[in-house]
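Student: Structure of the sequence below:
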Amino acid sequence: MTFDSDPTPPPADPGSLPRAEFGFPGPLRDRLVAAILDGSKTSTTGLVADYEHEGEPLPEVGSRAVVVDSGELPVAVVEVTEVRVVPLAEVDLAHAVDEGEGDTSVAEWRAGHERFWHGAEMRAALGDPGFTVDDATPVVLERFRVVTVLPATGR
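Tutor: Reported below is the predicted structural model:
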């Protein structure tokens with residue numbers, strides 16, 4: 001009798017999965033995707049307001065998505081391992097560090113995220129040129145694992 005030590009089902013066809021886009025295409029996305037592929041990025045933070053604006057459900061544990069790079073090419077399949085919705089003031093150091101962006105304090109992490117969330121691209125994406133966050137802003141803290149790295153075809 002043979003037992004599989006990993007009870008995880010095989011990855012689905014990447015073409016059948018929803019897309020996971022980290023940041024906007026460009027240098028930031030390139031850095032985030034590289035951090036996912038090298039294993040240093042295992043968490044991410046999203047705005048509840050962004051999910052609501054897009055009409056998308058919040059991520060669920062066990063769901064999978066295909067990570068795309070700045071060229072919109074699939075690079076990996078990830079699986080959500082934990083989801084928490086908390087006020088921005090409750091983001092902890094472990095989550096901030098696990099985002100893989102080199103932050104060593106929550107204050108440093110928050111300053112970088114506020115620059116992104118208050119940036120023109122994010123405000124345009126939300127359809128709110130005056131959008132701002134504060135301590136009470138609900139955020140989605142998501143942990144994930146890479147299920148598979150996809151072949152570099154077309155890259």
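Student: Which residue ranges of this structure form helices?
Tutor: 27-37, 48-54, 93-98, 106-117, 120-126 (DSSP state H).
Student: OK, contacts around the spatially most central residue of the chain?
Tutor: By Cα atoms, centre = their mean, the chain has its centre lying nearest to residue 44, at 4.0 Å. Contact partners of residue 44, counting by Cβ atoms under 8 Å, 6 or more residues apart in numbering, are 22, 99, 142, 144. No exception for glycine: its C-beta is placed from N, CA and C like everyone else's.
Student: Check the spacing between the closest residue to the last one other than its chain neighbours and residue 62 real quick.
Tutor: Meaning residue 144. Nearest residue to residue 144 in three dimensions, chain neighbours excluded: residue 78, at 4.4 Å (Cβ to Cβ, 6 or more residues apart in numbering). Using Cβ to Cβ, to the nearest Å, residue 78 is found at 12 Å from residue 62.
Student: can you check residue 43 too?
Tutor: 16 Å.
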